[in-house]
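# no sequence for this one, just the structure:
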């Protein structure tokens, strides 16, 4: 076999291995959808996304930040609740700052802000994010079915 062919197969193999190692986005989204009320789902979401960095996998990183924030729902101690929420919030805002045009990251923030208790005062970007998401659904890379679900959720 020529060196060129071996090199091509190496890239294909490495690409398959790298992709095979990432959690399925539909599973991540399903866990995120129930994480606020399902502690096991929240913990699974956190674990599945914990090894991803903002630089290399910003969407997984944003889901991990949201999972960290959501863990506050499943904790009894007020100081721990606030600590989890604030740490995740800081990371999620960092993801939005670094990736402001990523529709999924803006949707994650929208969902978190929409579900936050008013006393946490974390709802400043709801209108801005909703407008951005609706205006960029076609650029999201999401399936038509998921785009429809997101649109229905935003307009409910």
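The structure has been received and is ready for your questions. In this text, all values refer to a predicted model and were calculated from it rather than measured experimentally. Residues are numbered from 1 along each chain as shown.

# helices of this protein, start to end?
3-20, 25-34, 39-49, 58-70, 78-98, 103-115, 126-136, 144-154 (DSSP state H).

# most centrally placed residue in this protein?
residue 63 (2.7 Å; C-alpha atoms, centre = their mean).

# I'd say that one and residue 49 touch.
Yes - using C-beta atoms under 8 Å, residue 63 is in contact with residue 49, at 4.8 Å. (Glycine included, C-beta is placed from N, CA and C.)

# which neighbours do these two have in common?
residue 28 (C-beta atoms under 8 Å, 6 or more residues apart in numbering).

# what residues are up against the residue nearest to the centre of the chain?
By C-beta under 8 Å, 6+ apart, the contact set of residue 63 is 28, 32, 45, 49, 108.

# quick check, pLDDT for residue 93.
pLDDT, residue 93: 98.

# what about it, how many neighbours?
By other C-beta atoms under 10 Å, the residues close to residue 93 number 15.

# ok, it to residue 68 distance?
Distance of residue 93 to residue 68, computed by C-beta to C-beta, to the nearest Å: 13 Å.

# for this protein, give me the ranges with low pLDDT.
Applying pLDDT under 70 to the chain flags residues 1-20.

# any idea how far stretch 101-118 is from the chain center?
On the basis of C-alpha atoms, centre = their mean, to the nearest Å, stretch 101-118 is displaced by 9 Å from the centre of the chain it belongs to.

# in it, what's buried?
Using 16 or more other C-beta atoms under 10 Å as the burial criterion, the residues of stretch 101-118 that qualify are 102-113, 115-116.

# now swap in stretch 144-156 and tell me
Buried-residue list, stretch 144-156, by 16+ other C-beta under 10 Å: 147, 150, 154.

# am I right that the last one is in contact with residue 133?
Yes - Residue 154 lies in contact with residue 133 (C-beta under 8 Å); the separation is 6.3 Å.

# please enumerate the shared neighbours of these two.
Listed as contacting both residue 154 and residue 133 by C-beta under 8 Å, 6+ apart are residue 110.

# separation between residue 95 and residue 145?
Distance, residue 95 to residue 145, using C-beta to C-beta: 25 Å.

# one step back: from the contacts of residue 63, pick the one nearest residue 56.
Comparing the contacts of residue 63 against residue 56 with C-beta to C-beta places residue 49 closest, at 12.4 Å.

# count the residues that sit near the residue nearest to the closest one when sequence neighbours are not counted.
Excluding its sequence neighbours, the residue lying closest to residue 49 (C-beta to C-beta, 6 or more residues apart in numbering) is residue 64, at 3.8 Å. Look at residue 64: counted by other C-beta under 10 Å, it has 26 neighbours.
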